[in-house]
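Engineer: Have a look at this prediction, sequence included:
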Amino acid sequence: MQNSIISELFDQMADIMEILGEDRFRISTYRRVARIISDTPADVETVLATGQLAKTPGIGKSSIAKIEEFVKTGKMTAHQQWLTKIPPTLLELLTIPGMGPKGVKAVYEKLKVTTIAELKDAIETGSLAKLPGFGDKKGAAITRGIEFLEKSTGRIRLDQALEAAQLVSEHLQSLSGIERIQPAGSLRRRAETIGDVDILVCGHGHPGRARAGSSCYLKGKQIIEAFTDAGFVQEILAAGPTKGSAIIQTQTIPVHVDVRVVPEKSFGAAAQYFTGSKQHNVRLREIAVKAKLKLNEYGLFKADRMLAGPIEEEIYQKLGLDYIDPLLREDRGEVERAATHSLPELLQPGDIKGDLHVHTNASDGNCDISEIARAAKRVGYKYICITDHSRSSAIANGLSPKRLARQIKQIRKLNEQLKGITILTGTEVDILADSSLDFDNKLLADLDFVIAAIHSGLAGSREKVTTRTLKAMDNPYVNCIAHPTGRLIGQREPMDIDIAAVIKHAAQTHTALEVNANPWRLDLKDTHCRMTIEAQVMLVIGTDAHSTAGLGLMPFGVATAARGWATKADVLNTFSAAKIKTWAKRKRPG
Ligand code: DGT
Ligand code: CA
Ligand code: CA
């Protein structure tokens, strides 16, 4: 899959063009190509070969030529040419949250700043503050951005960690003699960011049982070597008889992966131990010690007798606890609840009946309503709600009231034709700077489900962004606030929003809050989900899909909600379409 690399090259060209002040139209064309490529589920090479890519609206002849060149030669001349037009370190400046291409252009042209260190200097000496548009507030935001960047280096997104785990797992799976492969650590817990990827492996049999040297018996050392010898390994950090650590190259970034070989008789104990979290393990060990038992990665022991080891569930059972789902293992009260047999029955991916946050090519998505509806049906959904952007999101080609009215009619007609899936009418309406909404109530009243979101002024004061959100919830037609904090993991900090006030007001106004399933967002985050559920506010898990492939992001959102202890009853889109409509109407007048 070269899609993400090609997509990144186009995005980077657009960045450079923006820094150089090139034609806006051309820039947005490149961004669009980047988006289409990264959203394409099939390998670019395949869709290129079938001619399908050339037929995709938004991809012109010259883009096709660039993609073709990359697929054939692994190079893109145009990209290399653009790179020579700026100091390469400028691209580093772009990774600072709060610094867009326009900001980079300004500091580069006016202050000759090309590196993060020089930018820090410019802030300290006050020269940045003298630039138009870079007052104290902006300077402080950039300083925070730099701190954020320095703090977050090294931790990666969940989707990136999953990709690395899949690469390694598939490679190990292809060896003969591998019995089990189990991702562990923060990845298995589905934490929002991942430090390193931990993978446990067990070969067939173990010393003393299988005949050493027989074809189906792999020694730990051989398994580790098979890992560190793999083509994707960039740098070996450590390689021993049972553990290997390496930096591997995924499509987009290098990832640190630890592989541990574990004997079968300890596999459950090792899975428990290496899944963590550390704090959760500490609590289990306390319980073991109180019961005069010993717990470690090899098993649970009474003196020298093993009480549990091969099976993870038995570790919990023998400690007098109900089994605790990895998603809950953060020492946030789960151990106490397991002891009193009162853990929540967690939300499962199969509980989700539909997606309430989906874009089409009417705004910035890349397929039409019936395509995405049919894809939703294939996923097994009963309904999907079309929530394109509203007109002030101009870059996203937001809908005018007229276009939305037309879309509503179109959906009603489609619903008569399509079998087995209901399309709900909706919008992702902008919450404007003055807290009003981008559509009037008369139009919103025509929709089945309305989500509202802030897309501009995210750096505003706590009071400002909180008030905007609360006022939006006061509107009787707003059913859900999408991505309530607006963060982009590793790229943009959350808004300085009073989340407790938002949740309280959601309860008072019968408004749901979204868990955006996109691994860049995961917003609300786990702990916020927990607060929301405790306040008896409904969650909505939406993928924010811009393509049919985007529908596949749902499990990230489900895991995040479950990490916040969500059950099926806490999530609106586990309901039927009819029940959702009734739920939405309860807030409306009359
Ligand atoms: P990460 O990689 O920072 O996202 O977080 P984890 O949770 O994957 O942490 P990692 O990779 O350092 O270790 C994997 C698991 O191994 C961790 O969740 C719990 C277990 N573990 C590691 N070190 C210790 C330790 O010193 N004590 C205990 N009880 N468990 C540990
Ligand atoms: Ca880890
Ligand atoms: Ca690790």
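Structural biologist: Okay, I see it. Residues are numbered from 1 along each chain as shown. Ligands and ions are numbered 1, 2, ... in the order given.
Engineer: can we go C-alpha only for contacts and neighbour counts from here?
Structural biologist: Fine.
Engineer: Nearest to ligand 2: which residue in the chain?
Structural biologist: Taking C-alpha to the ion, ligand 2 has its nearest neighbour within the chain at residue 196, 4.0 Å off.
Engineer: Surely that residue and residue 254 touch.
Structural biologist: No. Between residue 196 and residue 254 there is no contact, the gap being 10.7 Å when judged by C-alpha atoms under 8 Å.
Engineer: leaving aside the residues next to it on the chain, what's closest to residue 389?
Structural biologist: Taking C-alpha to C-alpha, 6 or more residues apart in numbering as the measure, residue 389 lies nearest to residue 398, with 4.5 Å between them; neighbours along the chain are not counted.
Engineer: Now that neighbour. Its backbone dihedrals?
Structural biologist: The main-chain torsion angles of residue 398 are listed as degrees, to the nearest 10 and equal phi -60, psi 150.
Engineer: Check what pLDDT it gets.
Structural biologist: pLDDT, the model's per-residue confidence, is 94 for residue 398.
Engineer: Kindly report the same for residue 234.
Structural biologist: In this prediction residue 234 is given a pLDDT of 83.
Engineer: where along the stretch 401-550 of the chain do the strands fall?
Structural biologist: Along the stretch 401-550 of the chain, the segments classed as strands by DSSP state E, counting those that start in this stretch run 422-430, 449-453, 480-481, 512-516, 539-542.
Engineer: And for the stretch 201-350 of the chain?
Structural biologist: Residue ranges of the strands in the stretch 201-350 of the chain, as given by DSSP E, counting those that start in this stretch, are 233-239, 243-249, 254-261, 294-296, 299-302, 305-308.
Engineer: related to what we said a few turns ago, who wins for proximity to residue 169 among the strands of the stretch 401-550 of the chain?
Structural biologist: Distance to residue 169, taken as C-alpha to C-alpha, is lowest for strand 512-516 among the strands of the stretch 401-550 of the chain, at 27.7 Å.
Engineer: which residues touch the closest residue to the residue of the chain closest to ligand 2 other than its chain neighbours?
Structural biologist: Nearest-residue entry for residue 196: residue 256, 5.1 Å, with adjacent residues in sequence omitted and distances by C-alpha to C-alpha, 6+ apart. When contacts are counted by C-alpha atoms under 8 Å, 6 or more residues apart in numbering, residue 256 is found next to 195-197, 245-248.
Engineer: so what's residue 256 bridging to?
Structural biologist: Beta-bridge pairing for residue 256 (DSSP bridges): residue 247.
Engineer: separation between it and ligand 1?
Structural biologist: Using C-alpha to the nearest ligand atom, to the nearest Å, one obtains 9 Å as the distance from residue 256 to ligand 1.
Engineer: which stretches of the stretch 101-250 of the chain have low pLDDT?
Structural biologist: Applying pLDDT under 70 to the stretch 101-250 of the chain flags residues 148, 151-153, 205-217.
Engineer: Convert the C-alpha atoms of the worst-scoring helix or strand of the chain on mean pLDDT to PDB, please.
Structural biologist: Here the helix or strand of the chain ranked lowest by mean pLDDT, DSSP states H and E is helix 136-152, holding a mean of 78. As requested, C-alpha coordinates have been extracted for helix 136-152 and formatted as PDB (Å, rounded to 0.1, in the frame of the first residue of the first chain):
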ATOM      1  CA  ASP A 136       1.100  38.000  22.600                       C
ATOM      2  CA  LYS A 137      -1.800  35.600  22.400                       C
ATOM      3  CA  LYS A 138      -0.600  34.000  19.200                       C
ATOM      4  CA  GLY A 139       3.000  33.900  20.500                       C
ATOM      5  CA  ALA A 140       1.700  32.100  23.600                       C
ATOM      6  CA  ALA A 141      -0.200  29.600  21.500                       C
ATOM      7  CA  ILE A 142       2.900  28.900  19.400                       C
ATOM      8  CA  THR A 143       5.000  28.400  22.600                       C
ATOM      9  CA  ARG A 144       2.400  26.000  23.900                       C
ATOM     10  CA  GLY A 145       2.400  24.300  20.500                       C
ATOM     11  CA  ILE A 146       6.200  23.800  20.700                       C
ATOM     12  CA  GLU A 147       5.900  22.500  24.200                       C
ATOM     13  CA  PHE A 148       3.200  20.100  23.100                       C
ATOM     14  CA  LEU A 149       5.300  18.900  20.200                       C
ATOM     15  CA  GLU A 150       8.300  18.300  22.400                       C
ATOM     16  CA  LYS A 151       6.200  16.500  24.900                       C
ATOM     17  CA  SER A 152       4.400  14.300  22.400                       C
END
